[in-house]
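K.L.:
Fold the stuff below for me.
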Amino acid sequence: MNYSLTEEVLLLQKRAGIITETEYRLKLAEVDIALDDKEQAVVDDIKDEMSSILKSLETEFDKASKEEPTQKEGEPTNEGLLTVASIAIALPAIMGIIARLGKTIGNTVNKILGKKPTEDSAYQQWMAKLGHIADELHHLYLVPIKGIVKKFIKDPAKADKVSDAIFHVIVAVFLVSSGVTAIKALQAKNLSLYTLESALAAVKSGEIADFFTKLM
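P.N.:
Numbering: from 1, shown residues only. Modelled structure (predicted):
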């Protein structure tokens, strides 16, 4: 496991009770963690699929924007502005796209990293690798996702929420596809564990639509 020394020390300090979980996450956010060869292989393996997914997302948002009610004469233009109703129309297709990507990542994880270990120490290391992969995907793809969403949702705060939710659901599906049922052992700098917990629950219960519509 190619941990940086700083990350390993922080993890040991947290386990020993020297620093709290909150302190650990704040300090971990300052650590630049390089991917090991297998982690990088997972990220590299799904790049083409990710590019295809981003194009598909934009296509579905564009279709949804065309479902908006016809603008009345004299009203200001709302071109590209999605409402709750139009996003609801787009959700089934968007959820299918997200689920496809998540499953692809999960299958790649199982192929390259191996399936979820049963021994605790190996499981902790395996989960650390998943955290590194999730962080790298966040680094590479959250901004492109936001770029697409902001074309169609003009409220910046709402666009950020929807983009963040899309990314967390992608991670939740990839975790479930990898065999993860709980995220307590996941250590990721750039994810909201609260949002990920909610996304994971939504994925497992089949209520992803509710997860998204609550943001609107």
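
K.L.:
domain assignment for this structure?
P.N.:
The chain breaks down by automatic domain parsing into domains covering 1-34, 35-213.

K.L.:
Could you single out the most deeply buried of these?
P.N.:
Most buried of the domains of the chain, by mean neighbour count (mean count of other CB atoms under 10 Å): domain 35-213, with a mean of 17. Using the backbone N, CA and C atoms, a C-beta is placed for each residue, glycine as well.

K.L.:
Average pLDDT for it, rounded please.
P.N.:
The average pLDDT within domain 35-213 is 84.

K.L.:
mind checking the SS state of residue 184?
P.N.:
Following DSSP: H, G, I helix; E, B strand; the rest coil, residue 184 is assigned to coil.

K.L.:
remind me, longest helix of this structure?
P.N.:
helix 120-152 (DSSP state H).

K.L.:
Downstream of it, the next helix or strand is which one?
P.N.:
helix 156-178 (DSSP states H and E).

K.L.:
just to revisit the earlier point, quick one: distance of the longest helix of the chain to the chain centre.
P.N.:
Relative to the centre of its chain, helix 120-152 is centred 6 Å away, using CA atoms, centre = their mean, to the nearest Å.

K.L.:
and the angle for that helix with helix 156-178?
P.N.:
If you take axes from the mean of the first three to the mean of the last three CA atoms, to 10 degrees, helix 120-152 sits at 140 degrees to helix 156-178.

K.L.:
Can you name every helix or strand that helix 120-152 contacts?
P.N.:
helix 37-45, helix 47-65, helix 84-112, helix 156-178 (3 or more CB pairs under 8 Å, 6 or more residues apart in numbering; DSSP states H and E).

K.L.:
Just put the ones you listed in CSV and tack on distance to residue 124.
P.N.:
Shown next, in CSV, are the helices and strands packed on helix 120-152 (distance: least, CB to CB, whole Å):
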stretch, distance to residue 124
helix 37-45, 15
helix 47-65, 27
helix 84-112, 16
helix 156-178, 15
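
K.L.:
Could you work out which of these reaches nearest to residue 132?
P.N.:
helix 37-45 (5.0 Å; CB to CB).

K.L.:
Residues in contact with that closest one: which ones?
P.N.:
35, 105, 108, 109, 112, 113, 129, 132, 133, 136, 137, 140 (CB atoms under 8 Å, 6 or more residues apart in numbering).

K.L.:
Please repeat the previous calculation with a cut-off of 7 Å.
P.N.:
35, 108, 109, 112, 113, 129, 132, 133, 136, 137 (CB atoms under 7 Å, 6 or more residues apart in numbering).

K.L.:
follow-up on the earlier one: among the helices and strands packed on helix 120-152, which is nearest residue 125?
P.N.:
Here helix 37-45 is closest among the helices and strands packed on helix 120-152 (CB to CB), at 11.1 Å.

K.L.:
Please put the alpha-carbon coordinates of the closest one into PDB.
P.N.:
The C-alpha trace of helix 37-45 is given here as PDB (Å, rounded to 0.1, in the frame of the first residue of the first chain):
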ATOM      1  CA  ASP A  37      -0.600   1.700  -9.700                       C
ATOM      2  CA  LYS A  38      -3.800  -0.300  -9.200                       C
ATOM      3  CA  GLU A  39      -5.800   2.800  -8.100                       C
ATOM      4  CA  GLN A  40      -4.500   4.600 -11.200                       C
ATOM      5  CA  ALA A  41      -5.400   1.700 -13.400                       C
ATOM      6  CA  VAL A  42      -9.000   1.800 -12.200                       C
ATOM      7  CA  VAL A  43      -9.200   5.500 -13.000                       C
ATOM      8  CA  ASP A  44      -7.600   5.100 -16.400                       C
ATOM      9  CA  ASP A  45      -9.800   2.200 -17.200                       C
END
